[in-house]
Structure formats: structure tokens, C-alpha cells
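Visitor: what shape does this take:
(one chain, ligands or ions: 2)
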Amino acid sequence: MKKIQVKDKSFAISIPEAEILKQVQRVAAEINRDFAGREPLFLPVLNGSFIFAADLLREITLSCEVSFIKLASYSGVRSTGEIREVIGLASDITGRDVIIVEDIIDSGLTMAHMIETLERHNPASISVCSLLVKPDALKVQIPIHYRAMDIPNDFIVGYGLDYDGFGRNTRDIFTLV
Ligand code: 5GP
Ligand code: MG
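Guide: Residues are numbered from 1 along each chain as shown. Ligands and ions are numbered 1, 2, ... in the order given. Sure, this is the predicted structure:
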């Protein structure tokens, strides 16, 4: 069993590269089919989705655009708690078919916030594409149109996902042991 150490924690391989790539290709084929004749705008969410986005986009045969976005967290006033602002929305998304590309959906709160923010710009449609989903952790109902894999409610790293900033640069996905 392949194991890695990321800072103070040990992780064991849970999804090998070949399986990830197979599922990424399947999702890309679904998007190619569903968006045939349209020109979607992919919005990968940094940092976690950078490797997924690179592999996914190279399987997309549509005429399309790609623009990276990021959620900036900062503390707001106490009464409202944490405010997360969507930054980097460089392209005008009004009237566009946008596809949000995420690394992982856990509680779903991040994605719910993202959808709400993008809706204010009046895109033609919003689709959600996530590499991973933790179905048992979902706290809010959100549409997940495309998902490569469902995983149990464990902490994972690799293939773009980090533990405390480290561990993103692996080909396989690893689970905390
Ligand atoms: P949510 O708002 O859905 O609870 O959280 C989504 C975000 O939490 C993801 O974009 C990711 O940054 C982080 N996250 C959730 N679960 C994991 C995990 O197992 N591993 C890593 N590295 N990040 C996670
Ligand atoms: Mg993320």
C-alpha cells in the first residue's frame, strides 16, 4: 500500500491515477455531449481544482473558454461571520453557459455561495462539475450536474488538493490514516 507523509500526517493511497483519469474522461464526454453546439465558459476554482481542470479541459472537444476564479476568505463583522468573495471573474458571464469546476464538495456551503454569487451576473446557465463529492457530508441542497467520484466522509489530499498547503503535487489521491 502506497503511503505518503504530508507535514505531520500520514496518508494512504485511495484512488489511483488510472481510476481518476478514467472518471475524468467520462465526465468530459458527458459535457461534450450535453454542450454540443454551445460555447461554455469553464470557471475552475483555484487552488484545488488546477490539476483536475487541466486534465478535464484537455478532454473537452467543444469550442470553449476557461477563466480561473478564487474564493477569498476574510473575516467580516462578527454578526455576519465569514464572508467569502468570488475574485478573478475576468470574463463577462452574462448570457453565458458557465461550468464551475471544483475539486471537492463537502458540506456544499462553498458551492451554494458560489452559485448565488454567479447568479447575480445573469448567466444563461450554471452547471456544477466536481472532481469529488462527499454525499454524507452535504448540508445544503445544491445541483451537482457532473461528478467524477463520490467518496466517504474522510480527509483526502493529492491531485490538487492540499493539507495545510502541501500535498497537492501527487498523481494519486490519498486518504488520511
Ligand atoms: P464545503 O464548503 O463543501 O464544505 O467545502 C469545500 C471546500 O473544503 C473544498 O473546496 C476544499 O477546499 C475543502 N475540503 C473539503 N473536504 C476536503 C478534503 O477532504 N480534503 C481537502 N484537501 N480539502 C477539503
Ligand atoms: Mg475548493
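
Visitor: what's near enough to touch the residue nearest to the spatial centre of the chain?
Guide: Centroid-nearest residue in the chain, with Cα atoms, centre = their mean: residue 102, separated by 1.0 Å. When contacts are counted by Cβ atoms under 8 Å, 6 or more residues apart in numbering, residue 102 touches 44-45, 48-49, 110-111, 128-131. For the C-beta atoms, the positions are set from N, CA and C on the backbone; glycine is no exception.

Visitor: swap in 6 Å and give it another go.
Guide: Contact analysis of residue 102 by Cβ atoms under 6 Å, 6 or more residues apart in numbering lists 45, 49, 130.

Visitor: assign it to helix, strand or coil.
Guide: Put simply, residue 102 is strand when judged by DSSP: H, G, I helix; E, B strand; the rest coil.

Visitor: that one and residue 177: what is the separation?
Guide: 25 Å (Cβ to Cβ, to the nearest Å).

Visitor: end to end on stretch 159-175, go ahead and measure it.
Guide: Terminal residues of stretch 159-175 lie 12 Å apart, using Cα to Cα, to the nearest Å.

Visitor: buried residues, it. List them.
Guide: 159-161, 163, 167-168, 170, 172-175 (16 or more other Cβ atoms under 10 Å).

Visitor: quick check: bridge partners of the residue nearest to the centre of the chain?
Guide: In this entry, residue 102 is beta-bridged to residue 130, by DSSP bridges.

Visitor: is stretch 106-113 in proximity to ligand 1?
Guide: Yes: using Cβ under 6 Å from any ligand atom, stretch 106-113 comes into contact with ligand 1 via 106-111.

Visitor: nearest to residue 70 among the residues you listed?
Guide: Nearest to residue 70 among the residues of stretch 106-113 next to ligand 1 is residue 110, at 11.6 Å by Cβ to Cβ.

Visitor: and of the residues of stretch 106-113 next to ligand 1, the nearest to ligand 2?
Guide: residue 110 (6.4 Å; Cβ to the ion).
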